[in-house]
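[1] this one's structure only:
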């Protein structure tokens, strides 16, 4: 189970819009991603970089995990993006379209050099890798393990399906295998698994159906394309009262079995085993991270 630092929701804020960057700090998302890539026209890259640097360095919202998404790995803008981003000191830098572990290693080395040159702590900035092609997916586990800076990996469904010549649908079956590969790679590396966006902001029922798949599979978070999606996504990754009660009952049953010196216990007619204990403890950890006060057995 990855660190339970809250990474349930991420919201992009375009680097050319001071208004959106300021507004982003007042929503309920856990992570803000200041964007230098897709939302910024070519002629405004320098201006956006300066705006994002100042927003992160001097106007940083409190109680938010802050990321900067830089331009592509082979972009002419990347070196300047990294220089400004590292000096702004976000929690993480989000890298688009990662396909090979060597790309992450190279960026890690560049960040380290900037940190040393600027007299900053080495290794303090994490990396989130966006997997957006079949090549990235095939190398997902190697990418996830490529650097100790890598803290999360996210599936970019639109670009991934384009790379596969597949159709993007709301049901999401065309990315089912990709989701599972991302999850397994993240679990193998012990990092956060971030699900693909649901792009239709006017379809709350579709979002709920997509979130059901997200949660059942076991993701840790999801990027929102609009603030109106935040509350639903947060709720998806926050344990309900029913889930908390069940988790506590599992731990109570296990504690009673230990006192009775028996290796077997049951709950509601079913066997309680080690996987159930791990899920119960993970549920309580998520609740605590979300600020939920837990009474009784906490494990």
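    Happy to help now that I have it. Predicted model only: the values in this text are computed from it and were never measured.
[2] Quick one: distance of stretch 151-161 to the chain centre.
    On the basis of C-alpha atoms, centre = their mean, to the nearest Å, stretch 151-161 sits 11 Å off its chain's mean C-alpha point.
[3] hang on, I meant stretch 215-230
    Between the centre of stretch 215-230 and the centre of its chain there are 9 Å (C-alpha atoms, centre = their mean).
[4] Give the rounded mean pLDDT of that stretch.
    Mean per-residue pLDDT for stretch 215-230: 95.
[5] neighbours of residue 222, just the number please.
    When neighbours are counted by other C-beta atoms under 10 Å, residue 222 registers 29. For every residue, glycine as well, the C-beta is placed using N, CA and C.
[6] and the gap between it and residue 91?
    18 Å (C-beta to C-beta, to the nearest Å).
[7] Over to residue 226?
    In terms of C-beta to C-beta, residue 226 sits 22 Å off from residue 91.
[8] which one of these two has more residues nearby?
    residue 91 (20 against 14).
[9] Now do the residue in the chain sticking out farthest from the centre against residue 276, distance only.
    Largest separation from the mean C-alpha position in the chain: residue 260, at 41.7 Å (C-alpha atoms, centre = their mean). Separation of residue 260 from residue 276 (C-beta to C-beta) stands at 18 Å.
[10] need the strands for the stretch 151-299 of the chain, in chain order.
    192-195, 221-224, 266-267, 270-271 (DSSP state E, counting those that start in this stretch).
[11] How are the helices of the stretch 1-150 of the chain distributed by residue range?
    18-24, 45-58, 78-88, 101-118, 134-138, 140-144 (DSSP state H, counting those that start in this stretch).
[12] The strands of the stretch 151-299 of the chain: which one's closest to residue 80?
    strand 221-224 (24.5 Å; C-beta to C-beta).
[13] In this structure residue 90 contacts residue 66, no?
    Yes. With contact defined as C-beta atoms under 8 Å, residue 90 counts as touching residue 66 (4.4 Å).
[14] Enumerate the positions of stretch 44-55 that are buried.
    Neighbour-count burial for stretch 44-55, counted by 16 or more other C-beta atoms under 10 Å, picks out 45, 48-49, 51-53, 55.
[15] Can you list the low-confidence ranges for the stretch 101-250 of the chain?
    Nowhere does the stretch 101-250 of the chain drop to pLDDT under 70.
[16] What residues does residue 264 make contact with?
    257, 271 (C-beta atoms under 8 Å, 6 or more residues apart in numbering).
[17] Next: residue 81.
    Contacts of residue 81 by C-beta under 8 Å, 6+ apart are 36, 49, 68, 70-71, 75.
[18] chain center to stretch 159-178, what's the gap?
    The mean C-alpha position of stretch 159-178 is separated from the chain mean by 20 Å, C-alpha atoms, centre = their mean.
[19] go on, stretch 65-84?
    Stretch 65-84 sits 18 Å away from the centroid of its parent chain (C-alpha atoms, centre = their mean).
[20] Which residues belonging to that stretch are considered buried?
    Buried residues in stretch 65-84 (16+ other C-beta under 10 Å): 65-71, 73, 75, 77-78, 80-84.
[21] From these, pick the one nearest residue 110.
    For the buried residues of stretch 65-84, the nearest to residue 110 is residue 82 (5.5 Å; C-beta to C-beta).
[22] And that closest one, how far from residue 266?
    55 Å.
[23] just residue 109 next, same as before
    54 Å.
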